[in-house]
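Colleague: Give me a model of this one.
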Amino acid sequence: MYYVVTIATLVTMALALVRALRGPTIYDRLLAANMFGTKTVLLLAVIAFFYGRPDFVDLALAYALINFIGVIAVLEFSRARSSEDAHEEQK
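Modeller: Have a look, this model is predicted:
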């Protein structure tokens, strides 16, 4: 059963990676990158449970926080850049 969950998670990670590379807009790519990070956290949790290593759960939580802060930072950068571009077009 754990192998099925691991393979399914890896398949969805691959699909998210494809969407991140081919996404038509920056928001599609960012959403796919966020999904890839979330699936990585899930994969770390499954591996932790499978091997009986609870310290991997701590790594998964740390990675989840880094993923969340990274997505917020990129969104903020994207918003600031788009508002700056709009301000320059008005001149």
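Colleague: Please list the residues outside stretch 39-48 that contact it.
Modeller: Stretch 39-48 is touched from outside by 2, 5-6, 9-10, 12-13, 16, 53-57, 59-61, 63-64, 67, with contacts defined as Cβ atoms under 8 Å, 6 or more residues apart in numbering. (C-beta placed from N, C-alpha, C; glycine too.)
Colleague: Emit the ChimeraX select command for whichever of those residues are buried.
Modeller: For anyone working in ChimeraX, the buried entries among those, judged by 16 or more other Cβ atoms under 10 Å, can be selected with:
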select :9,12,13,16,56,60,64,67
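Colleague: Among the contacts of stretch 39-48, which lie within helices?
Modeller: By the criterion of DSSP state H, membership of the contacts of stretch 39-48 in helices covers 2, 5-6, 9-10, 12-13, 16, 55-57, 59-61, 63-64, 67.
Colleague: distance between stretch 30-47 and the chain's centre?
Modeller: For stretch 30-47, the separation from the chain centroid amounts to 6 Å (computed by Cα atoms, centre = their mean, to the nearest Å).
Colleague: The helix or strand in which S83 is found: which residues count as buried?
Modeller: Following DSSP states H and E, the helix or strand that holds S83 is helix 55-90. The neighbour-count check on helix 55-90 (16+ other Cβ under 10 Å) flags F56, A60, A64, N67, V71 as buried.
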